[in-house]
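> the amino acid sequence is not available; the structure is as follows:
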């Protein structure tokens, strides 16, 4: 047993430390399509913040690279470790510590999955509303990537729903940020700095998340449009209407066909309409009374038709759920149809038509294709990229990201950069900002042990 | 003319640089009650980001302390400069650059007041919803303090409504963060780090703020309660009801008496009820139809009575507006009745009864008094502190802040620390966090020129 193995084993116990061949393949990857899996030298499964502190202190002392792991459902390779590195897996820190209905928060350990958290709050009429589409994802992972998802248009992204943290610096100090409070103006907001930092600054060992009241009644309006631009022009009108949709998605015809086919969807839309439509708008509404929901659904139906929809289909209960579930699984559909990479770029809503048209043209010019769906209300575009040649694909991705940035957007809206998108970030981002972020990184992580291949060039920070 | 004067004058033009006796008294202070005014050596009035960049570059080179100034309506002394320092006043950078209804954002210069921004968006049906109660405050000041206010319970605080910045580092680099986008997961969130940093990290020269659709119909329910704890216990129930109030305030009886007296309020509440009540809950509702608003108001009235209110008074139009305006002016009322200091502490909602009872006891034990109102939905407590003796008062404030922190809260919910609250922060905050914040500060501001007396000890960072 090496010295480092002995040290880590002493901290978490031998049963909770894996090394060498005993490490299952799972710890070598997340769900990213492009970055090669890589087994680490060690996997430690701490149970307390104190364990995490000691692991990090030892890692800093011996310059062992550390990668945090939640459920491993990330899509950018932020959970792929270094070969000589330590994975800190939060699978045993998976307790819901408290559901506090007065303050409308839950206090959880980072390894808690959304399924478990939903179960813990089910009886309270309250819910954690971040909904990245993968219920096996962990709250710690939501913190790391600043997860978004379909409900963000009403309930905000992880950043808006994480009120406080207990976190551990790579040098071992344990500290608390924020709290069961909705606002604070007392020094720099460390919570917000750690949210979205992809395990490069500090590791969260406890998360205080906001819970929202559940509204009892919901329905979904599905609106096919002949013209893609009309969908995009409809979005701000729907948002300005005061109807307050909690989901506002678009799905292009190619993606809808794939969803219908792979998920066996039955939406009741005649073939003639499906064949003549470029895209669909999905408007999900909720209300505290059935009566008001009915009125809102009617108004939404009228509104989308006024805005150019060919028709408006009201989906209730099971069929609405099936459509939303199918939309959630868009990544798996993209994977199933052989996507070579995925993009989750965000652009200003007004730039979506231009961005999508240009991205499709770029893909076609590269001999490939780009199709997808996305969070229309947020300008968050999910594209499956089909382009086999790695060099051409890299150039295509670079061109698409550069275009998004030129239009006032950013490379990733909700997946994070991870190992997969970091090279594009370093190539395209303003060096003033990258340098500033590198200095911020150093102020947390002087030895540069935390996820060293993410956000910065390997060995760089 | 000194070398420094010449340098600054060259950048902004002689007409836009004030020095010595030509500097009006106004630039020596904001609205803080306790920190002594202090005239700076220079006041510069830039008109472009390039001006700001050159000013900061020169200041860094010559180690001139710099204090940013918006409207000077802050309550913590963050705009009080150093005697040998430079004030960068954003009064000439006060343009609304763009109102973008498709993306539902406005792009403004930091010196824009809320009055001007509201005027610019008035015809669009959209509005910037941060409402710190002082319409002469500037958007730049909102960014600096992470302003909150009454509407935060529904629309969030400045942090949630600032989507992007153009900002200038003290070393002169101009950069952009965020954008006309609702989400981003592409590196550290520099926007969120600068929001609430009170002019200590970088100076914003452009701000992209979120606009929300205005709902046409609103009314206010005023509910007197015999018992203070009942008010506090009612708050989470009102929030869980799905009624979605956009204002949810409490006002204690002493403060209500002062508001009624100083603002000539006529609320139609019989004297017998006023005399027997410890506190009031203010529930403001809005809806897109008059019909629904009527239903909601009725439901809210029933609900507060179920929760223990003595009665429920529905205020519409002018009387509702007068009450909200009077509440906005609570600071001026506190000042008028001779408050010696003010507190804007935040605690978990559930801790408000305990906190308020203990704070009143502490004040009484110090021979003083504490009374107030606050953002009940946010746990944000505004207290006027009456205690003439400076030493006793310092101890009382320290004790109250320590109590708030013990209960899981923080010193300031929305005013910021400024010069006035920084000593308490340094005394009470976890040194691990203060050290981390100091390192973050250094990563932005290596020469330590930006507001050196705020957040850190003078000459310390």
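That came in fine, so what should we check first? None of these values were measured; they are calculated from a predicted model.
> any idea which helix or strand carries residue A:435?
Element membership for residue A:435 (DSSP states H and E) is helix A:431-444.
> please point out which parts of that helix sit buried.
Under the neighbour-count criterion of 16 or more other Cβ atoms under 10 Å in any protein chain shown, helix A:431-444 has A:433, A:434, A:436, A:437, A:438, A:439, A:440, A:441, A:443, A:444 buried. C-beta coordinates here come from the backbone N, C-alpha and C atoms, glycine included.
> and it, what other elements does it pack with?
Other elements packing on helix A:431-444 under the criterion 3 or more Cβ pairs under 8 Å, 6 or more residues apart in numbering or on different chains; DSSP states H and E are strand B:174-178, helix B:190-194, helix B:431-444.
> mind putting those in a markdown table, distance to residue A:365 and mean pLDDT included?
Shown next, in a markdown table, are the helices and strands packed on helix A:431-444 (distance: least, Cβ to Cβ, whole Å; pLDDT from 0 to 100):
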| stretch | distance to residue A:365 | mean pLDDT |
| --- | --- | --- |
| strand B:174-178 | 29 | 98 |
| helix B:190-194 | 34 | 98 |
| helix B:431-444 | 41 | 98 |
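> do a quick rundown of the strands in the stretch 1-150 of chain A.
Applying DSSP state E, counting those that start in this stretch to the stretch 1-150 of chain A gives strands spanning A:17-19, A:42-44, A:66-69, A:86-89, A:96-100, A:105-108, A:126-127.
> which one of the ones you listed lies nearest to residue B:135?
Taking Cβ to Cβ, strand A:105-108 is the member of these nearest to residue B:135, at 32.1 Å.
> what comes into contact with the closest one?
Residues outside strand A:105-108 that contact it (Cβ atoms under 8 Å, 6 or more residues apart in numbering or on different chains): A:95-100, A:117, A:120-121, A:128, A:139, A:163, A:180, A:206-211.
> just the ones of those residues in helices?
Among these, the members falling in helices (DSSP state H) are A:117, A:120, A:121, A:139.
> residue A:374 should be in a strand, yeah?
Yes - counting by DSSP: H, G, I helix; E, B strand; the rest coil, residue A:374 is found in a strand.
> on the pLDDT front, check it for me.
With respect to pLDDT, residue A:374 scores 91.
> need the contact list for it.
Taking Cβ under 8 Å, 6+ apart, one finds A:249, A:250, A:352, A:380, A:381, A:382 in contact with residue A:374.
> and what of residue A:19?
Contacts of residue A:19 (Cβ under 8 Å, 6+ apart): A:5, A:41, A:42, A:43.
> right, and the second one touches residue A:83 too?
This means residue A:41. Yes - using Cβ atoms under 8 Å, residue A:41 is in contact with residue A:83, at 6.8 Å.
> pick out whichever of the two has more residues nearby.
Ranked by neighbour count (other Cβ atoms under 10 Å in any protein chain shown), residue A:41 and residue A:83 place residue A:41 first, with 21 against 10.
> now that one, nearest residue through space, not along the chain?
residue A:84 (5.2 Å; Cβ to Cβ, 6 or more residues apart in numbering or on different chains).
> how close does the one you found get to chain B?
Applying Cβ to the nearest Cβ, to the nearest Å, the value for residue A:84 to chain B is 25 Å.
> which one, of the strands of the stretch 1-150 of chain A, ends up nearest to residue A:155?
That would be strand A:126-127 among these, by Cβ to Cβ, at 9.2 Å.
> determine if any part of that closest one is in contact with chain B.
Yes - using Cβ under 8 Å from any Cβ of the partner chain, strand A:126-127 reaches chain B at residue A:126.
> partners of that strand, with directions?
strand A:212-213 (antiparallel) (DSSP bridges).
> near chain B, which of the contacts of strand A:105-108 show up?
Answer for those near chain B (Cβ under 8 Å from any Cβ): A:100, A:180.
> mark which of the contacts of strand A:105-108 are buried, thanks.
The buried subset of the contacts of strand A:105-108 - by 16+ other Cβ under 10 Å - is A:96, A:99-100, A:117, A:120-121, A:128, A:139, A:163, A:180, A:206-211.
> follow-up on the earlier one: so which two of the ones in helices among the contacts of strand A:105-108 are the farthest from each other?
A:121 and A:139 (12.2 Å).
> tell me, what's touching those two both at once?
With Cβ under 8 Å, 6+ apart, residue A:121 and residue A:139 have common neighbours residue A:128.
> and residue A:418, how far from residue A:182?
Residue A:418 is 30 Å from residue A:182, where distance means Cβ to Cβ, to the nearest Å.
> who has more neighbours, those two?
residue A:418 (29 against 26).
> close enough to count as contact, that one and residue A:77?
Yes - using Cβ under 8 Å, residue A:418 makes contact with residue A:77 at a distance of 4.0 Å.
> what do these two both touch?
A:30, A:32, A:35.
> and which of the buried residues of helix A:431-444 is nearest to residue A:366?
For the buried residues of helix A:431-444, the nearest to residue A:366 is residue A:434 (26.8 Å; Cβ to Cβ).
> for that closest one, give me its contacts.
Contact analysis of residue A:434 by Cβ under 8 Å, 6+ apart lists A:425, A:426, A:456, B:187.
> quick one: which of these is most hemmed in?
residue B:187 (28 neighbours).
> separation between that one and chain A?
From residue B:187 over to chain A the distance is 5 Å, taken as Cβ to the nearest Cβ.
> how much space separates the residue lying closest to that residue once chain neighbours are set aside from residue B:76?
Counting by Cβ to Cβ, 6+ apart, residue B:187 lies nearest to residue A:437, which is 5.3 Å off, once chain neighbours are set aside. In this view, residue A:437 and residue B:76 are 29 Å apart by Cβ to Cβ.
> pLDDT wise, what is the closest residue to residue A:416 other than its chain neighbours at?
Excluding its sequence neighbours, the residue lying closest to residue A:416 (Cβ to Cβ, 6+ apart) is residue A:145, at 4.0 Å. Looking at residue A:145, its pLDDT reads 97.
> what distance do you get for residue A:145 to residue B:183?
11 Å.
> equivalent analysis for residue A:225, please.
Note on residue A:225: its distance to residue B:183, by Cβ to Cβ, is 24 Å.
> for the spatially most central residue of chain A, give its distance to residue A:384.
Centroid check for chain A by Cα atoms, centre = their mean gives residue A:147 as the closest residue, at 3.5 Å. Counting by Cβ to Cβ, the separation of residue A:147 from residue A:384 is 20 Å.
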